[in-house]
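In: dropping the sequence and predicted coords here.
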Amino acid sequence: MKNIAIISPSVRTGRNSHRIALYLKNLIRENGLASVEILDLLRYNFPLFNERLKYQDPPLKEAVDFAERIRTADGIVIVSPEYNGGSPASLKNAVDLLVEEWNKKPVAFATVSDGMFAGTQAIISLQFSLSKLGAIIVPSVMRLPNIDKSFDENGIPADKHKTDKRGIAFLKELLWFIEAKDRMAG
Ligand SMILES: Cc1cc2nc3c(=O)[nH]c(=O)nc-3n(C[C@H](O)[C@H](O)[C@H](O)COP(=O)(O)O)c2cc1C
């Protein structure tokens, strides 16, 4: 079984995007698609890094843990809310922490917002950064508008049937890229 890590990046008080991380985790489990864990940047409570992990001396223990989970994941889902047309600084801080861990790593994005445009602008610069790092960017994006209303605090969607259909299709795209990479490597 493949192993997916979901990055939940918001450290904001009263955050809503964590609902989507919970939703996708539940969806993966309910459908037996992969094993899954959430890498919650609120819990990691990272400082603003003054150097990449491989040059830190000594390295921050929590950063080593995060790096290892990214390294061992077969694929990553990044839940990205939109902050002023970009992604949260907490997320860029965590992306720039690592180098080799991103190389050839399939990464899929779920963009979220409490507005009607689903935070789609947030990922443009992030996709570019990750592609510079050699990540495999999954073209399918799950776009989720009005998340404060369409999901509850536990990540249960208001319209489960419709949302699950989209979510499964999105996750299957990520799994396709994971398997394609395996075939190329094998
Ligand atoms: C600093 C800040 C900037 C925001 N900028 C945008 C934006 O440019 N476009 C948008 O659709 N929503 C924007 N929003 C609304 C967020 O998408 C919404 O609050 C979302 O829930 C944020 O994720 P979070 O609750 O997990 O922090 C912004 C929110 C914050 C806090």
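Out: Now that the structure is in, tell me what you want to look at.
In: just confirm residue 94 is within a helix.
Out: Yes: counting by DSSP: H, G, I helix; E, B strand; the rest coil, residue 94 is part of a helix.
In: which bits of this structure sit near the ligand?
Out: 10, 12, 15-17, 81-85, 113-115, 117, 119, 147 (CB under 6 Å from any ligand atom). Backbone N, C-alpha and C define where each C-beta goes, glycine included.
In: of these, grab the buried ones for ChimeraX.
Out: Per 16 or more other CB atoms under 10 Å, the buried members of those correspond to this ChimeraX selection:
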select :10,16,17,81,82,83,113,114,119,147
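In: now do the buried residues in the helix of greatest length in the chain.
Out: Ranked by residue count under DSSP state H, the longest helix found in the chain is helix 160-185. For helix 160-185, burial by neighbour count (16+ other CB under 10 Å) applies to 163, 164, 166, 167, 170, 171, 173, 174, 175, 177, 178, 181.
In: let me know the pLDDT of the closest residue to residue 12 other than its chain neighbours.
Out: What sits nearest to residue 12 in space, not counting adjacent residues and going by CB to CB, 6 or more residues apart in numbering, is residue 88, at 7.5 Å. Residue 88 carries a pLDDT value of 96.
In: cool, residue 105 as well?
Out: Looking at residue 105, its pLDDT is 98.
In: surely residue 170 touches residue 140?
Out: Yes: here residue 170 reaches residue 140: they are 5.5 Å apart, a contact under CB atoms under 8 Å.
In: which neighbours do these two share?
Out: Common neighbours of residue 170 and residue 140 (criterion: CB atoms under 8 Å, 6 or more residues apart in numbering): residue 108.
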